[in-house]
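Visitor: what shape does this take:
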Amino acid sequence: MPPRHLLAAVPCLTLALVTLGYLALCVIDPFGRCRTCHGTSRKRSPLIRMRRECRRCAGTGLRLRVGRHAINHIKDEYKAAK
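Guide: Residues are numbered from 1 along each chain as shown. A predicted model of the protein is given here:
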């Protein structure tokens, strides 16, 4: 294999490995930290310096990963097609 073919294949293989790794992470650990409250489940109010329950994660500090949303959508479409 010429070196230029190998050089062209490396980014494609790297992208495939990163994608498969992220999908494996989504299957193993579907929840990540909430981006709004940074996983603390509390957010500071903008006007009053009081800490309130985060509305985005409903006070859990967790959110469903984007990849897991995609996996769930694909599963639902597959079940609906049967």
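Visitor: for the helix or strand hosting Gly21, which positions count as buried?
Guide: For Gly21, the host element (DSSP states H and E) is helix 3-28. By neighbour count on 16 or more other Cβ atoms under 10 Å, the buried set for helix 3-28 is Cys26. For the C-beta atoms, the positions are set from N, CA and C on the backbone; glycine is no exception.
Visitor: tell me which residues are up against the lowest-mean-pLDDT helix or strand in the chain.
Guide: Scoring the helices and strands of the chain by mean pLDDT, DSSP states H and E places strand 42-44 at the bottom, with a mean of 81. Residues from elsewhere that reach strand 42-44 (Cβ atoms under 8 Å, 6 or more residues apart in numbering): 36-37, 50-55, 59.
Visitor: again, 6 Å this time
Guide: 36-37, 51, 54 (Cβ atoms under 6 Å, 6 or more residues apart in numbering).
Visitor: and the helix holding Gly21, what does it pack onto?
Guide: Secondary-structure packing of helix 3-28 (3 or more Cβ pairs under 6 Å, 6 or more residues apart in numbering; DSSP states H and E): helix 66-81.
Visitor: re earlier: CSV for the contacts of strand 42-44, including secondary structure and pLDDT?
Guide: What follows is the contacts of strand 42-44, written out as CSV (DSSP: H, G, I helix; E, B strand; the rest coil; pLDDT from 0 to 100):
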residue, secondary structure, pLDDT
Thr36, coil, 88
Cys37, coil, 89
Arg51, strand, 83
Cys54, coil, 88
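Visitor: give me the ChimeraX select line for those residues, limited to the buried ones.
Guide: In ChimeraX, this line selects whichever of the contacts of strand 42-44 come out buried by 16+ other Cβ under 10 Å:
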select :37,54
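Visitor: tell me who's in contact with the residue nearest in space to the middle of the chain.
Guide: The centroid of the chain falls nearest to Arg65 when counting by Cα atoms, centre = their mean (2.8 Å). Arg65 makes contact with 26, 32, according to Cβ under 6 Å, 6+ apart.
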